[in-house]
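Visitor: This is a predicted model, with the sequence first.
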Amino acid sequence: VQLQASGGGLVQPGGSLRLSCAASGFTLDYWAIGWFRQAPGKEREGVSGISASGYEWFSDSVKGRFAISRDTAKNTVYLQMNSLKPEDAGVYYCANLFDIKTMTPGGYWGQGTLVTVSS
(Lines give C-alpha, C1' and ligand atoms only; values in the text may rest on other atoms or scores of the structure.)
Protein backbone atom coordinates (compact mmCIF):
# COMPACT_ATOMS: atom_id res chain seq x y z
CA VAL A 1 0.00 0.00 0.00
CA GLN A 2 1.48 3.28 -1.07
CA LEU A 3 0.32 6.86 -1.56
CA GLN A 4 2.32 9.34 -3.58
CA ALA A 5 1.59 13.04 -3.40
CA SER A 6 2.79 15.39 -6.12
CA GLY A 7 2.03 18.69 -7.81
CA GLY A 8 3.40 21.20 -5.36
CA GLY A 9 5.44 24.18 -6.40
CA LEU A 10 5.83 27.93 -6.25
CA VAL A 11 2.82 30.02 -7.14
CA GLN A 12 1.94 33.66 -6.77
CA PRO A 13 -0.92 34.74 -4.50
CA GLY A 14 -4.16 34.31 -6.37
CA GLY A 15 -2.75 31.49 -8.45
CA SER A 16 -3.73 27.83 -8.70
CA LEU A 17 -2.16 24.44 -8.25
CA ARG A 18 -3.46 20.91 -8.54
CA LEU A 19 -2.11 18.29 -6.21
CA SER A 20 -2.30 14.60 -6.98
CA CYS A 21 -2.42 11.63 -4.63
CA ALA A 22 -1.76 8.44 -6.55
CA ALA A 23 -2.35 5.09 -4.92
CA SER A 24 -0.69 1.77 -5.54
CA GLY A 25 -1.40 -1.53 -3.91
CA PHE A 26 -5.03 -0.77 -3.27
CA THR A 27 -8.05 0.78 -4.96
CA LEU A 28 -8.76 4.32 -3.86
CA ASP A 29 -12.45 3.95 -4.67
CA TYR A 30 -13.02 2.03 -1.45
CA TRP A 31 -11.15 4.42 0.78
CA ALA A 32 -11.71 7.88 2.20
CA ILE A 33 -8.73 10.02 1.34
CA GLY A 34 -7.73 13.27 2.95
CA TRP A 35 -5.33 16.11 2.36
CA PHE A 36 -3.43 17.65 5.23
CA ARG A 37 -0.91 20.45 5.37
CA GLN A 38 1.76 21.59 7.74
CA ALA A 39 3.29 25.03 7.71
CA PRO A 40 6.63 25.71 9.42
CA GLY A 41 6.16 25.99 13.16
CA LYS A 42 2.52 24.96 12.99
CA GLU A 43 0.64 21.78 13.64
CA ARG A 44 -0.61 19.63 10.82
CA GLU A 45 -4.18 20.46 9.86
CA GLY A 46 -6.82 18.80 7.76
CA VAL A 47 -7.60 20.58 4.52
CA SER A 48 -10.03 18.39 2.62
CA GLY A 49 -11.27 14.85 2.33
CA ILE A 50 -13.39 12.70 0.07
CA SER A 51 -15.15 9.54 1.15
CA ALA A 52 -15.69 6.40 -0.86
CA SER A 53 -19.29 7.47 -1.40
CA GLY A 54 -18.26 10.92 -2.61
CA TYR A 55 -18.91 12.91 0.55
CA GLU A 56 -16.56 15.88 0.65
CA TRP A 57 -15.16 17.83 3.58
CA PHE A 58 -13.30 21.12 3.54
CA SER A 59 -11.78 23.19 6.27
CA ASP A 60 -13.35 26.61 6.67
CA SER A 61 -10.14 28.25 5.52
CA VAL A 62 -10.31 26.68 2.05
CA LYS A 63 -14.06 26.38 1.41
CA GLY A 64 -15.00 27.92 -1.90
CA ARG A 65 -11.40 27.94 -3.11
CA PHE A 66 -10.36 24.29 -3.10
CA ALA A 67 -12.00 21.32 -4.75
CA ILE A 68 -11.36 17.62 -4.28
CA SER A 69 -12.02 14.89 -6.80
CA ARG A 70 -11.26 11.29 -7.56
CA ASP A 71 -10.24 9.70 -10.87
CA THR A 72 -11.11 6.03 -10.68
CA ALA A 73 -9.25 5.09 -13.85
CA LYS A 74 -6.04 6.68 -12.60
CA ASN A 75 -6.54 5.59 -9.00
CA THR A 76 -5.79 9.16 -8.00
CA VAL A 77 -7.35 11.83 -5.81
CA TYR A 78 -6.81 15.46 -6.75
CA LEU A 79 -6.86 18.65 -4.77
CA GLN A 80 -7.50 21.68 -6.96
CA MET A 81 -6.35 24.78 -5.15
CA ASN A 82 -7.49 28.14 -6.48
CA SER A 83 -7.11 31.70 -5.24
CA LEU A 84 -4.11 30.65 -3.22
CA LYS A 85 -3.04 32.78 -0.28
CA PRO A 86 0.33 32.95 1.47
CA GLU A 87 -1.27 31.19 4.45
CA ASP A 88 -1.98 28.17 2.24
CA ALA A 89 1.74 27.48 1.99
CA GLY A 90 3.18 24.36 3.57
CA VAL A 91 3.88 20.73 2.97
CA TYR A 92 0.78 18.94 1.78
CA TYR A 93 0.24 15.29 2.55
CA CYS A 94 -2.41 12.85 1.47
CA ALA A 95 -3.51 10.00 3.68
CA ASN A 96 -6.23 7.46 3.97
CA LEU A 97 -8.90 8.41 6.49
CA PHE A 98 -10.36 6.39 9.29
CA ASP A 99 -13.11 8.96 9.72
CA ILE A 100 -13.71 11.76 7.23
CA LYS A 101 -15.92 13.85 9.52
CA THR A 102 -13.16 14.11 12.08
CA MET A 103 -10.39 13.85 9.46
CA THR A 104 -8.79 11.08 11.48
CA PRO A 105 -5.93 9.54 9.48
CA GLY A 106 -5.95 5.83 8.89
CA GLY A 107 -2.22 5.29 8.88
CA TYR A 108 -1.05 5.43 5.30
CA TRP A 109 0.61 8.67 4.23
CA GLY A 110 2.06 10.07 1.06
CA GLN A 111 5.49 11.62 1.24
CA GLY A 112 4.38 15.25 1.10
CA THR A 113 4.63 17.92 -1.56
CA LEU A 114 5.70 21.49 -0.88
CA VAL A 115 3.44 24.40 -1.77
CA THR A 116 4.94 27.89 -1.67
CA VAL A 117 2.73 30.91 -2.20
CA SER A 118 4.77 34.01 -2.69
CA SER A 119 5.18 36.94 -5.02
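Guide: Received, thanks.
Visitor: Could I get the contacting residues of the residue nearest the centre of the chain?
Guide: Centroid-nearest residue in the chain, with Cα atoms, centre = their mean: W35, separated by 2.7 Å. Contacts of W35 were listed using Cβ atoms under 8 Å, 6 or more residues apart in numbering, and they are 19, 21, 46-49, 68, 77, 79, 92-94. Quick note: C-beta positions are derived from backbone N, CA and C, even for glycine.
Visitor: for those residues, which one is nearest W57?
Guide: G49 (4.5 Å; Cβ to Cβ).
Visitor: Can you classify the residue nearest to that closest one when sequence neighbours are not counted as helix, strand or coil?
Guide: Leaving aside its sequence neighbours, G49 sits nearest to G34 (Cβ to Cβ, 6 or more residues apart in numbering; 3.7 Å). Secondary structure for G34, judged by DSSP: H, G, I helix; E, B strand; the rest coil, is strand.
Visitor: how far away is G34 from Y55?
Guide: 12 Å (Cβ to Cβ, to the nearest Å).
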